[in-house]
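[1] sequence first, then the predicted structure:
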Amino acid sequence: MLDRCGLTSHHAVEFSRQGSSMIAQQDPSPSIELGQWEEALNVIAVHRDKKMYAELFKYFAPRLRAFGIKMFGNEQQAMEMVQDTMLNVWQKAALFDASRGCASTWIFTIARNVRFDMLRKKQSRKDDISADDLWSDGDYPEQEGSHSQQWDLYLIAEKIAPHFHALPPAQRLVMEKVYLDELSHQEVSEQLSIPLGTVKSRIRLALDRLREAIDGPRS
Amino acid sequence: MAHAVKFHPSLSLLEQYTEGTLAAELSLVVAAHLDFCPHCQQLRHDIEADIGCQLAQQSAASADGEEWQQMLQQILSPDAATTTQGSVETASSTESETVATHIEQGQHRIEIPRSLQRLAAKRKKWLQLGGIATAKLPSGDDNHLSLLLIESNTEVPLHTHKGLEITLVLAGEMVDEMGKYAAGDLIINTPDHTHTPKNISHEPCLCLSVLTAPLEFKQGLTRLLNPLQRFFY
């Protein structure tokens, strides 16, 4: 279960395809063991392991800072967000559920909520909409709907080709592997060294984007 | 919900909502839509996974500096809970707040989705006009958030919008020139749209509405009712 979420150390893989101009971007991400952070969170939750937490902190805090600077546009607030987020991670590690997503996804959602409430607080709007209202963890029913299956069939048809190029590169790459090279999701995950869940996410996002391109916005 | 939602937010709206960059009032409408719509819940989950993956893959300087050490010590110190938890607590303290699981107006009692329950408890008084009643919810200065209850066989006067009007059907049914809407359906009207929403069913229709600018009524007699715009805004 856990190893779905880990990033592999081969992330900077460059692969080539005959006659294709797809070039994977060099990614300077450091090496991480499969499922490392998901397990770390469990250890932190169960044993209140400060050493393990320090490792996790060392990895995520600077990344959250970079993320925060992008969102806030200034370092001071970014650091405030990092501290609040990482404090939540320490205190609420027991709430993490690896079956529902990666450690990094969980940490991102905490950071987003912290940031949202920070901004509201700054405007001193206590009565107002809070992160709790907006992003409670609902159930995430698996979508085995006929919906996406019909679309799979439809999309294989040639008519979507022009829209394919407008997809974000990461999604297009996964779609090409699945629909043109007919690789399984697992194979794509291994080939690109990305988690299986990410392969599935990118496919769903790409399908939705293509649906929009053909049908117009869904509203 | 037995009903299949037909009208969804665009993917870019969902992305902004998930990132947390969408205005709070608009985010609330999207959140309430998600309470009705497993399809969009799944998309939100996928977008979160994608952003989480990006966060983990981001390159960043290592956290060896003094400042990081200090932060780490502070978090792990036993009194962290009392010194820095202020903003954490504001979030969880909402749990003990009053929530309204139903909206009551006249003889109607209508269930509302989870994301609205805390705010619904803070609604302002109902204002009644003909078959339409409206009650404001707490919101910021730029966007106005309100509940709208349209009695059966009632028409909302023809109007256009100076800004964006986003309506989410919470219960019942409504029709306009574009189609028929039921619980969970999201209707976005830009300033270019003119529309006449109607409730032609036998049940009252409850909606959540966000307006980003005053409404302007357009036609015949209803023009004289232009002060109405304050009623809706």
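    Everything's here; your move.

[2] point out where chain A drops to low pLDDT.
    A:1-34, A:124-127, A:137-161, A:217-219 (pLDDT under 70).

[3] try 50
    Along chain A, segments meeting pLDDT under 50 span A:1-4, A:6-31, A:138-151, A:154-155.

[4] and the helices in it?
    Taking DSSP state H, the helices of chain A run over residues A:36-47, A:50-72, A:75-92, A:103-122, A:131-134, A:146-156, A:161-164, A:169-175, A:185-192, A:196-215.

[5] can you list those in a markdown table and add mean neighbour count and distance to B:K122?
    Heads up, the C-betas are built off the backbone N, CA and C, glycines and all. A markdown table is the format used below for these (neighbours: other Cβ atoms under 10 Å in any protein chain shown; distance: least, Cβ to Cβ, whole Å):
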| stretch | mean neighbour count | distance to B:K122 |
| --- | --- | --- |
| helix A:36-47 | 19 | 35 |
| helix A:50-72 | 19 | 28 |
| helix A:75-92 | 20 | 25 |
| helix A:103-122 | 22 | 15 |
| helix A:131-134 | 21 | 11 |
| helix A:146-156 | 13 | 37 |
| helix A:161-164 | 13 | 44 |
| helix A:169-175 | 20 | 41 |
| helix A:185-192 | 17 | 45 |
| helix A:196-215 | 20 | 35 |
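
[6] got JSON lines for these, with distance to chain B too?
    Converted to JSON lines, the helices of chain A look like this (distance: least, Cβ to the nearest Cβ, whole Å):
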{"stretch": "helix A:36-47", "distance to chain B": "8"}
{"stretch": "helix A:50-72", "distance to chain B": "4"}
{"stretch": "helix A:75-92", "distance to chain B": "5"}
{"stretch": "helix A:103-122", "distance to chain B": "3"}
{"stretch": "helix A:131-134", "distance to chain B": "5"}
{"stretch": "helix A:146-156", "distance to chain B": "7"}
{"stretch": "helix A:161-164", "distance to chain B": "13"}
{"stretch": "helix A:169-175", "distance to chain B": "8"}
{"stretch": "helix A:185-192", "distance to chain B": "12"}
{"stretch": "helix A:196-215", "distance to chain B": "4"}
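
[7] got TSV for these, with distance to B:K125 too?
    Output for those, formatted as TSV (distance: least, Cβ to Cβ, whole Å):
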stretch	distance to B:K125
helix A:36-47	46
helix A:50-72	38
helix A:75-92	37
helix A:103-122	25
helix A:131-134	22
helix A:146-156	42
helix A:161-164	50
helix A:169-175	48
helix A:185-192	54
helix A:196-215	41
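
[8] tell me which of those helices sits nearest to B:V156.
    Across the helices of chain A, B:V156 has its closest neighbour in helix A:131-134 (26.6 Å, Cβ to Cβ).

[9] now the closest one - C-alpha only, CSV.
    Only the C-alpha atoms of helix A:131-134 are listed here, as CSV (Å, rounded to 0.1, in the frame of the first residue of the first chain):
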residue,chain,number,x,y,z
ALA,A,131,-10.8,26.2,5.8
ASP,A,132,-12.9,23.8,7.7
ASP,A,133,-16.0,24.7,5.8
LEU,A,134,-14.2,24.5,2.4
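
[10] so for B:Y181, which of the helices of chain A sits nearest?
    helix A:196-215 (17.8 Å).

[11] and the closest one, what does it pack against?
    helix A:146-156, helix A:161-164, helix A:169-175, helix A:185-192, helix B:11-19, helix B:38-57 (3 or more Cβ pairs under 8 Å, 6 or more residues apart in numbering or on different chains; DSSP states H and E).

[12] what do you get if the cut-off is 10 Å, keeping everything else the same?
    Applying 3 or more Cβ pairs under 10 Å, 6 or more residues apart in numbering or on different chains; DSSP states H and E, one finds that helix A:196-215 makes contact with helix A:103-122, helix A:146-156, helix A:161-164, helix A:169-175, helix A:185-192, helix B:11-19, helix B:38-57.

[13] got the angle for the fifth one vs helix A:196-215?
    Angle of helix A:185-192 versus helix A:196-215, following axes from the mean of the first three to the mean of the last three Cα atoms, to 10 degrees, is 100 degrees.

[14] buried sites along stretch B:140-147?
    For stretch B:140-147, burial by neighbour count (16 or more other Cβ atoms under 10 Å in any protein chain shown) applies to B:143-147.

[15] do stretch B:19-33 and chain A come into contact?
    Yes. For stretch B:19-33, a contact with chain A is found by Cβ under 10 Å from any Cβ of the partner chain, at B:19-25, B:27-28, B:30-32.

[16] flag every buried residue along stretch B:124-142.
    B:132-139.

[17] Serialize those residues to CSV and add fields for pLDDT.
    Formatted as CSV, the buried residues of stretch B:124-142 follow (pLDDT from 0 to 100):
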residue, pLDDT
B:I132, 89
B:A133, 91
B:T134, 90
B:A135, 92
B:K136, 91
B:L137, 92
B:P138, 87
B:S139, 82
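
[18] for B:M71, find the nearest of the helices and strands packed on helix A:196-215.
    Among the helices and strands packed on helix A:196-215, helix A:103-122 comes nearest to B:M71, with 14.2 Å by Cβ to Cβ.

[19] so who does residue 164 touch?
    In the absence of a named chain, this looks at chain A. By Cβ atoms under 10 Å, 6 or more residues apart in numbering or on different chains, the residues touching A:F164 are A:155, A:171-172, A:175-176, A:179-180, A:206, A:209-210, A:213.

[20] was after chain B, sorry
    B:26, B:143, B:188-191, B:193, B:210-213.

[21] tell me the secondary structure for B:L26?
    helix (DSSP: H, G, I helix; E, B strand; the rest coil).

[22] now it: closest residue in space, sequence neighbours ignored.
    Closest residue to B:L26 apart from its sequence neighbours, by Cβ to Cβ, 6 or more residues apart in numbering or on different chains: B:V210 at 6.1 Å.

[23] and that neighbour, what element?
    strand B:205-211 (DSSP states H and E).

[24] what's near enough to touch the residue nearest to A:L64 when sequence neighbours are not counted?
    Distances taken as Cβ to Cβ, 6+ apart place A:V82 nearest to A:L64, at 4.6 Å, with adjacent residues excluded. Neighbouring residues of A:V82 by Cβ under 10 Å, 6+ apart: A:57, A:60-69, A:111, A:114, B:63, B:68, B:71.

[25] sorry, back to before: of the buried residues of stretch B:140-147, which ones also sit close to chain A?
    Applying Cβ under 10 Å from any Cβ, the subset of the buried residues of stretch B:140-147 adjacent to chain A comprises B:L145.

[26] distance to B:D176 added to the helices and strands packed on helix A:196-215, as a markdown table?
    Below are the helices and strands packed on helix A:196-215 laid out as a markdown table (distance: least, Cβ to Cβ, whole Å):
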| stretch | distance to B:D176 |
| --- | --- |
| helix A:103-122 | 33 |
| helix A:146-156 | 25 |
| helix A:161-164 | 30 |
| helix A:169-175 | 35 |
| helix A:185-192 | 42 |
| helix B:11-19 | 20 |
| helix B:38-57 | 22 |
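
[27] any idea which of those helices gets closest to B:V99?
    helix A:103-122 (18.2 Å).
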